[in-house]
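J.: dropping a prediction and its sequence here:
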Amino acid sequence: MCGIVGVLGDHEVAPILVEALKRLEYRGYDSAGIATVQDGRLDRRRAVGKLANLSDVLVHDPLAGKSGIGHTRWATHGGPTVTNAHPHQAGRVAVVHNGIIENYRDLRARLSHRTFVTETDTETVAQLCEDFLDQGLGRREAATETLKHLDGAYALAFLFQGEADLIVAARKGSPLAIGHGEGEMFVGSDAIALSPMTNLITYLDEGDYAFVTRDGAQIFDAHGRLANRDARTIPAQAAQLDKGGHKHFMAKEIFEQPVVLSDCLNDYIVGDTVTFPDDVDFTDTDRMILVACGTAHYACVVAKYWFEQLAGLPCDVDIASEFRYREPPVSDRATALFVSQSGETADTLAALRHVQEKAARVVSVVNVPESSIARESDVALPIHAGVEVGVASTKAFMNQLGVLATLAILAARQRGRIDAAREAALISELRSLPGLINQALALEDKIASHTAELSEAHSVLFLGRGPMFPMALEGALKLKEISYIHAEGYASGELKHGPIALIDKSVPVIVMAPKDALFDKTVSNMQEVMARDGRVWLITDADGAAQAGDGTWATLTMPRVDPILAPLLYAVPAQLIAYHTALHKGTDVDQPRNLAKSVTVE
Ligand code: M6R
């Protein structure tokens, strides 16, 4: 959730640290800080709020030094105050941390002879390390001894007074990368943070720690044995961190969808057939287990309809944070599928580890091929969405659906549920989607024209049936994430079992319903809403609008699409409704309050 950077440079590091933190700000933006060593002296600057505030502090009160660490925070323990901002310093040690130290209360009790100044779990790390220095341990030993006492998840970087050529870095449960430069070395939460400085990256493995100096990095495994970890060249991605003329990254990412979906499909479709690595084989699978969080979870719920309808494969879909503690029985013929944009979501990773030895195969669908979830899966399928900066997931969701749809077609073929002609027809529909998405994007002005009114609402409902039910959930999630308006998604048929009590003229109801086999039933549910003064915004195609467009508050006519693939197309109005409503509300679209892009804590 937080972003970490460390630099052992050959020039002043404060500006480099701040630039790197900008690329990590998606991980948290409650407060930020940096620490450097200059003439042997450890010093820090910190500020509450966005990184711009830290930059202002540094203008008035610069920080010199060629070695430093930095942090951008998503608060867990203690509110977003300057005192609680990282780096945390105790005497001769400064520490930046991503994760949660679960035994921090015990550690505080053990260190009761020391004076704590923050409410954070992280300060215990700095205090403990300083305590070991007091006991006469050297810097490296003090840091490694400290690590032995920590329970929980962490990525950590330590910087020491009197030592301008050492950062101790450690990883357990939260990713950490080491970057190799020419006479310079770097530490960062991800390769993107380090991309302008170097693209030669070594990812620490689970439990690793490293002594990083300008000469290189000595890496040790969890047992303290010297470990050989490969340095890999990671493709430069910095260019993607530009808004490309859009006001927000989210808008840019919404409009990139035709291109990224097309790239993604090209990777998994050749001619008239879908193509995956040989070890993606559903022939003997008796059950699918799909696990993820948030938007990725909704992609899994859509996929359930596809795997069941196309491939006849029973599917269990779980929220990762529930799955990991539920102890569900796992068949040894099950294929477990984990979906994650970041590939670092702590709950999803823990769920994956839970089934690793039980299921026949662990497949992941990820946007970051170097991520922990990708590396710990039997097969990792990249979605090729490119870097997604907006905290509200859009293009990653689209491409998760793209990969899941092609996977379901593969499963259907392997299990003899579809013939070559049906496969070719489905592929042709899939291939038409980027063009249809372009047409849907052209409806932006029409969509935007109703969002001023929507932004006045205190509560909004989204309805859908079949594979459009998870789209109702996703539409509601997008709206609440970035406009802060309360929104819920329901299966249309569920409305009369309770939620209809909410309906009056103040509650807009957005009905996502292409003209499919269930359309008439959805129209009945819509009528039930309108009969109670509810304001319906119907999103449908030309046939649906002709049949049911009268009497609605608004009707959006979408291009026609094969109903089974409609979720990909209808994602677009859901995203644009949320985006334009948020513009009216004046919220921080790319970095909405209380959220972070990569959720690496439980
Ligand atoms: O990186 P992941 O896909 O694993 O993240 C899962 C959720 O945290 C994420 O989808 C979240 O719900 C987004 N903010 C949704 O827009």
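T.: Right, received. Where do you want to start?

J.: in this structure, which residue sits closest to the ligand?
T.: residue 294 (1.9 Å; Cβ to the nearest ligand atom). Every residue, glycine included, has its C-beta placed from N, CA and C.

J.: can you name the residues of the stretch 201-350 of the chain sitting close to the ligand?
T.: 293, 294, 295, 296, 340, 341, 342, 345, 348 (Cβ under 6 Å from any ligand atom).

J.: that older thread, once you drop chain neighbours, what's closest to the residue of the chain closest to the ligand?
T.: Leaving aside its sequence neighbours, residue 294 sits nearest to residue 477 (Cβ to Cβ, 6 or more residues apart in numbering; 6.9 Å).

J.: what's around that neighbour, how many residues?
T.: 23 (other Cβ atoms under 10 Å).

J.: I'd like to know which elements whichever strand or helix holds residue 52 is packed against.
T.: Assigned by DSSP states H and E, residue 52 falls within helix 51-60. Packed against helix 51-60 by the contact rule (3 or more Cβ pairs under 8 Å, 6 or more residues apart in numbering; DSSP states H and E) you find helix 14-24, strand 31-38, strand 41-48.

J.: for residue 133, helix, strand, or coil?
T.: helix (DSSP: H, G, I helix; E, B strand; the rest coil).

J.: the one 3 residues further on too?
T.: With three-state DSSP as the basis, the three-state label of residue 136 is coil.

J.: for residue 175, same thing?
T.: Per three-state DSSP, residue 175 ends up coil.

J.: ok, and the closest non-adjacent residue to it?
T.: With Cβ to Cβ, 6+ apart, the residue lying closest to residue 175 is residue 344, at 5.4 Å.

J.: go on, residue 308?
T.: Using Cβ to Cβ, 6+ apart, the nearest residue to residue 308 is residue 315, at 5.7 Å.

J.: ok so, going back, among the helices and strands packed on helix 51-60, which is nearest residue 255?
T.: Proximity to residue 255 (Cβ to Cβ) singles out helix 14-24 among the helices and strands packed on helix 51-60, at 21.6 Å.

J.: quick check: buried residues in the closest one?
T.: 14, 16, 17, 18, 19, 20, 21, 22, 23, 24 (16 or more other Cβ atoms under 10 Å).

J.: picking that back up, the residues of the stretch 201-350 of the chain next to the ligand in strands, which ones?
T.: Within those, residues falling in strands by DSSP state E are residue 340.

J.: what about residue 155, helix or strand, and which?
T.: Here residue 155 is assigned to strand 152-160, by DSSP H and E.

J.: related to what we said a few turns ago, burial check on the residue nearest to residue 308, number of neighbours?
T.: 20.

J.: again, but for residue 546
T.: Neighbour count of residue 546, defined by other Cβ under 10 Å: 13.

J.: next one: phi and psi at it?
T.: phi -60, psi -40 (degrees, to the nearest 10).

J.: distance check, it against residue 466.
T.: Counting by Cβ to Cβ, to the nearest Å, the gap from residue 546 to residue 466 is 21 Å.

J.: kindly report the same for residue 491.
T.: Residue 491 sits 9 Å away from residue 466, going by Cβ to Cβ.

J.: more neighbours: these two, which one.
T.: Between residue 491 and residue 466, counted using other Cβ under 10 Å, the more crowded position is residue 466 (23 against 19).
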